[in-house]
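Asks: Got a predicted structure plus its sequence, pasted below:
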Amino acid sequence: MASPFELTIVNGLAGDPAVCPYFRQTGDSLLFDAGNLEPLSNRDLLKVKVVAVTHTHVDHFIGFDRLIRVNVPHFRTIEVVGPAGIIRNIQGKLAGYAWNLLEPNQVNIIVHEVSPDGSIESVHLSNSNQFLATNPTKTPAPKDPSTEPAKIPLRSSTYNLSAVSVDHGMQVLAYGLSMPDSMSVNKAQLDASALEPGPWISDLQKMAVDGKIKGSIYISGAEHDALQLAGSLLQPRSGQRLIYVTDMIFSEANIKQLKKLEGAGPNVIICEANYRHEHRQKAFDKFHLTTTQAALTAALLNAKHLQIFHISNLYSGDTDSSLAESDTAFTRLRQLDPVALWDEASMEFVSSK
Ligand SMILES: [Zn+2]
Ligand SMILES: [Zn+2]
């Protein structure tokens, strides 16, 4: 089954964190973290509508200036999500430059600041208001904060974005991205039908997703029964889910937080694995994960695929050894029953201390 988004790990497995899902259907991108963005072209960056920042350690946020720079001539609005302090962090970056020659409302950023309790403050920063926070709105904390993540009130998107707070010696956000269930077209059936493809296909898909398939569809001037067409051409595609985790310490509290993002099990988890297993004391001291802990995290969240990244430069760019370690661990761990898996995780929580 084709994924509805293409995923780019901008700086490879050992570079600054920046991961960019591109949504084929709408032609826009989301950016998880904004470390070095030089490998992305201006064209790529102009597709970014939303930036989801985990925390503002310099390797996760230094590329944000380039994103602003690329957007300046275009009068676009981007949305940024981040942990407590993100409004001030962005204002700090903007305050580093002079803006006297701009047109009104040329640079616009909507910021969603997620508190540790899951409540969200959204504000508008514009050059017209010297980037002071205006139009504040508050999204209350989830009704059941022990099981629900914070749902980010993005202005318009074809996906849902949720966040939870984890501990990295400071508040860090981990994100869950989910695409709603959709109906895909059975290409073989479409070819066999000899019907001319056109906008009617997306009309039919929309009817199906909304659960309102009725009436007629006109194709090349001929009338067709919508229900019959849907029955022969469409097939349900379950929503894709992705979890993005970086940086955190391997603790029971953090795993409990991430569990709120799990849903029916993510298709993929992108997870930092700064250190190899042999360096787990270092990982503990720096509030980071090891390869084994990334594999445990993925298995505990019932992920189908684990993609590690953010591998420490301690290993001089040798990412293969870390990948081999996490793959071997994940393959073994995902076969354990939940009790045995939790026992192994608990031992790792303890042995980290
Ligand atoms: Zn960090
Ligand atoms: Zn980091």
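Replies: Looks like it came in fine. Numbers count the residues shown, from 1 in each chain. Ligands and ions are numbered 1, 2, ... in the order given.

Asks: going forward, measure contacts and count neighbours with C-alpha atoms only.
Replies: Noted.

Asks: which residue ends up closest to the midpoint of this protein in space?
Replies: For the chain, the residue nearest the mean C-alpha position is residue 177 (4.9 Å; CA atoms, centre = their mean).

Asks: Could I get the phi/psi values of residue 208?
Replies: Backbone torsions for residue 208, taken as degrees, to the nearest 10, come to phi -70, psi -40.

Asks: sec struct for the closest residue to it other than its chain neighbours, please.
Replies: Counting by CA to CA, 6 or more residues apart in numbering, residue 208 lies nearest to residue 183, which is 6.9 Å off, once chain neighbours are set aside. Using DSSP: H, G, I helix; E, B strand; the rest coil, the structure places residue 183 in strand.

Asks: Quick check: bridge partners of residue 183?
Replies: residue 236 (DSSP bridges).

Asks: For it, give its distance to residue 107.
Replies: Residue 183 sits at a distance of 37 Å from residue 107 (criterion: CA to CA, to the nearest Å).

Asks: neighbour count winner among these two?
Replies: Taking neighbours as other CA atoms under 10 Å, residue 183 and residue 107 compare with residue 107 leading, 23 against 20.

Asks: Could I get the phi/psi values of the more buried one?
Replies: Main-chain dihedrals, residue 107, degrees, to the nearest 10: phi -120, psi 120.

Asks: Quick check, the residue nearest to residue 208 in contact with residue 203.
Replies: No - applying CA atoms under 8 Å as the test, residue 183 and residue 203 come out as separate, 11.3 Å apart.

Asks: Which positions in stretch 320-332 come out as buried?
Replies: The neighbour-count check on stretch 320-332 (16 or more other CA atoms under 10 Å) flags 322, 323, 325, 326, 327, 329, 330 as buried.

Asks: Tell me the spacing between the nearest residue to residue 162 once chain neighbours are set aside and residue 121.
Replies: Nearest in space to residue 162, with sequence neighbours left out and distances taken as CA to CA, 6+ apart, is residue 151 at 4.5 Å. Note on residue 151: its distance to residue 121, by CA to CA, is 12 Å.

Asks: Now go through the buried residues of stretch 320-332 and say which are in strands.
Replies: With DSSP state E as the criterion, strands contain none of the buried residues of stretch 320-332.

Asks: Turn the residues you listed into TSV, columns for distance to residue 9 and pLDDT.
Replies: Below are those laid out as TSV (distance: CA to CA, whole Å; pLDDT from 0 to 100):
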residue	distance to residue 9	pLDDT
322	16	98
323	15	98
325	20	98
326	17	98
327	18	98
329	22	98
330	20	98
